[in-house]
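1. One predicted model, sequence on top.
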Amino acid sequence: MTTTTFTTVEPTPELCARYRAEGWWSGETLRDLLASALHSSGGRMFTMYTRSGMQRMSLREMADLGRRVGTGLRRLGIVPGDPVAFQLSNSVEAAAVFYGLVHAGAVLVPISHAAGSSDVMHALRTSRARAVIIEGRRGHGAVVEEITSGHQRLEKLEHLIVVGDGAKPSAAIGFGTLTASAAEHSQIRLDPAAPAVIGWTSGTTATPKGVLLSHRALCAEIRQHMAPLFAERSRGLLSTSPVSHVTGMLVSLLVPPLVGHDVHLMDYWNASDVLGLMQTHDLAAGSGAPVFLQGLLDDPRCTPEHHRLVGVAALGGAAVSRELIERADALGVAAVKGYGCTEHPSISLGRRADPLRVRAATDGRLCTGVDVRIRDERGAHHRTGTGEIITRGPDLFSGYVDPALNTDAFKVGWYRTGDIGSVDERGYVTVLDRVKDIIIRSGLNVSASEVEAALASMPEVADVAVVAAPDARTGEHGCAFIRPAAGHSVPSLPRIREHLVESGLAKYKWPEEIRGRTTDFPRTPAGKVQKSALRAMARQSPPRDGIQST
């Protein structure tokens with residue numbers, strides 16, 4: 001077995017017994033769940049939609065390709081419990097890698113396809129990945145080069161596997177070579193409490209934090225929260241969610257066959273194309289980050305027939321405006337908001353039957369099995385009221401890869417979300433603000449402190465604070481408040497972008513709005529910047545005079 005171990009946080013014995021008694025923890029692993037899904041897939045199909053056309057195969061053929069990935073990894077010495085990272089855009093190969101890693105019993109380490117080389121190197125180093133599978137195309141050449149040149153700094157990394165036709169370093173293994181051998185079937189025993197996936201999240205730390213998600217937590221999440229949503233649909237879902245994200249890979253690749261649906265995966269987002277595919281293949285779409293539903297409804301080709309195909313849209317991963325919920329409802333689409341995070345994927349979710357005013361004003365009702373308390377400023381816990389949201393549940397994570405972060409994250413068995421919100425007597429949750437310093441742009445978490453560090457290195461900047469601002473397209477974008485250095489003016493967006501290119505900060509993290517300050521930021525008595533006040537300023541529309549923005 002693997003020599004890679006992680007320090008995890010275990011719920012109390014009483015909670016463990018409760019989750020088993022209530023059926024949340026059934027002893028299943030992610031591998032068991034996948035085997036069950038593929039065994040019952042029958043004549044179900046896997047379809048990949050690209051700009052150049054469509055690739056189609058049976059799920060059994062896809063499963064065989066996945067097992068060949070697993071076989072190839074085992075022949076390289078990868079054993080159950082070994083972390084294996086991948087940074088892949090949605091593709092046939094990405095699906096095969098997901099199925100193959102689950103089949104091999106590896107710990108999956110998905111890395112956002114939008115991540116730059118510094119984030120990729122951080123993920124490989126932090127997760128102690130023994131292998132990484134990455135694209136040689138789509139601009140990933142710099143990342144491949146960074147991995148190759150920095151290999152000596154990655155003590156655990158032994159294998160670099162490159163997908164696609166791009167140039168490969170001499171030490172790299174091609175995807176064709178990895179999958180050349182016939183699939184082998186093997187018996188593997190995995191501990192349901194062991195990590196199955198390492199996800200990534202950004203908060204008050206400048207670098208992404210590795211989140212340990214166990215087999216039992218993910219199986220509870222899939223069986224009890226994700227699968228029922230899919231089972232309610234009479235048609236398949238066209239997914240554009242990235243499989244390099246924890247939720248994306250489960251919703252796109254595992255849940256559909258589990259509930260008897262075909263897999264429909266798309267490798268790019270274009271509202272007009274999605275609308276065409278929906279009508280041609282009788283598919284639903286529009287769930288996930290609100291940018292997707294917004295894009296469909298804004299497209300002039302969107303018709304009442306498309307509204308019928310969408311039916312219900314579960315939205316989350318970014319701020320969801322009341323206006324979007326109300327607009328969708330007027331068109332016959334029941335849009336509901338959900339609340340969760342990488343550490344605790346499903347905390348609350350709206351119901352189709354909820355009145356419009358409830359769906360528009362709240363983030364839904366507490367999910368079954370989830371406990372929430374409101375923590376006040378004195379640290380006392382309350383069932384209702386307003387304060388910091390703390391949670392526990394069978395789908396809660398098992399701690400961070402860096403165990404030093406667990407002390408602040410867990411208090412007396414409860415996970416501190418870092419979000420400020422309220423819970424009413426009926427169990428409806430409303431998220432009001434966040435303690436965590438993050439921007440959620442199109443479903444991707446951006447650490448404000450990481451962006452601040454990059455901007456602070458500019459000679460024109462004396463002080464900077466970055467907060468989330470509402471965005472009709474992406475949910476949120478970064479808004480940078482900048483106090484210029486003596487003798488300088490506030491740098492322009494083109495100048496900032498030029499600097500951020502040089503710094504290596506991934507493009508999706510760049511701020512899209514700049515607000516100049518001639519005076520100091522609002523601060524607490526202890527001197528800390530009052531981000532809540534800046535967020536309130538960022539919500540002002542239109543921006544006040546003297547403010548730069550796009």
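-> Yep, it's here. Numbers count the residues shown, from 1 in each chain.
2. which residues in the stretch 351-500 of the chain form strands?
-> Along the stretch 351-500 of the chain, the stretches classed as strands by DSSP state E, counting those that start in this stretch are 365-366, 371-375, 381-382, 385-392, 410-411, 414-423, 429-434, 438-441, 444-447, 461-471, 475-484.
3. how about TSV for those, with mean neighbour count, mean pLDDT and distance to residue 178 added?
-> All C-beta spots, glycine's among them, are computed from the backbone N, C-alpha and C. Output for the strands of the stretch 351-500 of the chain, formatted as TSV (neighbours: other Cβ atoms under 10 Å; pLDDT from 0 to 100; distance: least, Cβ to Cβ, whole Å):
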stretch	mean neighbour count	mean pLDDT	distance to residue 178
strand 365-366	20	96	44
strand 371-375	19	96	43
strand 381-382	14	94	50
strand 385-392	20	94	39
strand 410-411	16	91	39
strand 414-423	20	93	37
strand 429-434	19	84	41
strand 438-441	24	86	33
strand 444-447	23	81	28
strand 461-471	22	90	40
strand 475-484	23	92	37
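4. per-residue confidence at residue 284?
-> The per-residue pLDDT reported for residue 284 equals 96.
5. Switch the strands of the stretch 351-500 of the chain over to JSON lines; also include distance to residue 168.
-> Formatted as JSON lines, the strands of the stretch 351-500 of the chain follow (distance: least, Cβ to Cβ, whole Å):
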{"stretch": "strand 365-366", "distance to residue 168": "49"}
{"stretch": "strand 371-375", "distance to residue 168": "49"}
{"stretch": "strand 381-382", "distance to residue 168": "54"}
{"stretch": "strand 385-392", "distance to residue 168": "44"}
{"stretch": "strand 410-411", "distance to residue 168": "43"}
{"stretch": "strand 414-423", "distance to residue 168": "41"}
{"stretch": "strand 429-434", "distance to residue 168": "42"}
{"stretch": "strand 438-441", "distance to residue 168": "32"}
{"stretch": "strand 444-447", "distance to residue 168": "28"}
{"stretch": "strand 461-471", "distance to residue 168": "38"}
{"stretch": "strand 475-484", "distance to residue 168": "35"}
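6. mind checking which of these is nearest residue 87?
-> strand 444-447 (13.7 Å; Cβ to Cβ).
7. separation between the closest residue to residue 366 other than its chain neighbours and residue 239?
-> With Cβ to Cβ, 6 or more residues apart in numbering as the criterion, residue 366 has its nearest non-adjacent residue at 4.4 Å, and that residue is residue 427. According to Cβ to Cβ, to the nearest Å, residue 427 and residue 239 sit 29 Å apart.
8. between these two, who's got more neighbours?
-> Neighbours per residue, other Cβ atoms under 10 Å: of residue 427 and residue 239, the larger number sits with residue 239, 26 against 15.
9. what's across from the more buried one in the sheet?
-> Beta bridges link residue 239 to residue 265, judged by DSSP bridges.
10. Does it touch residue 247 like I think?
-> No. Look at residue 239 against residue 247 with Cβ atoms under 8 Å: they stay out of range, at 10.6 Å.
11. right, and the helix or strand after the lowest-mean-pLDDT helix or strand in the chain?
-> Within the chain, no helix or strand scores below helix 141-149, which has a mean of 76 by mean pLDDT, DSSP states H and E. For helix 141-149, the following helix or strand on the C-terminal side (DSSP states H and E) is strand 159-163.
12. And the contacts of the following helix or strand past that following strand?
-> Using DSSP H and E, the helix or strand that follows strand 159-163 in sequence is strand 173-174. Residues outside strand 173-174 that contact it (Cβ atoms under 8 Å, 6 or more residues apart in numbering): 76, 159, 160, 161, 162, 168.
13. and with 6 Å instead?
-> Contacts to strand 173-174, defined as Cβ atoms under 6 Å, 6 or more residues apart in numbering, come from residues residue 161.
14. looking only at pLDDT, what's the mean for whichever helix or strand comes after it?
-> Sequence-wise, the next helix or strand downstream of strand 173-174 (DSSP H and E) is helix 175-178. If you average the pLDDT over helix 175-178, you get 95.
15. Next, the buried residues of helix 175-178.
-> 175, 178 (16 or more other Cβ atoms under 10 Å).
16. centre of the chain versus that helix, how much separation?
-> 28 Å (Cα atoms, centre = their mean, to the nearest Å).
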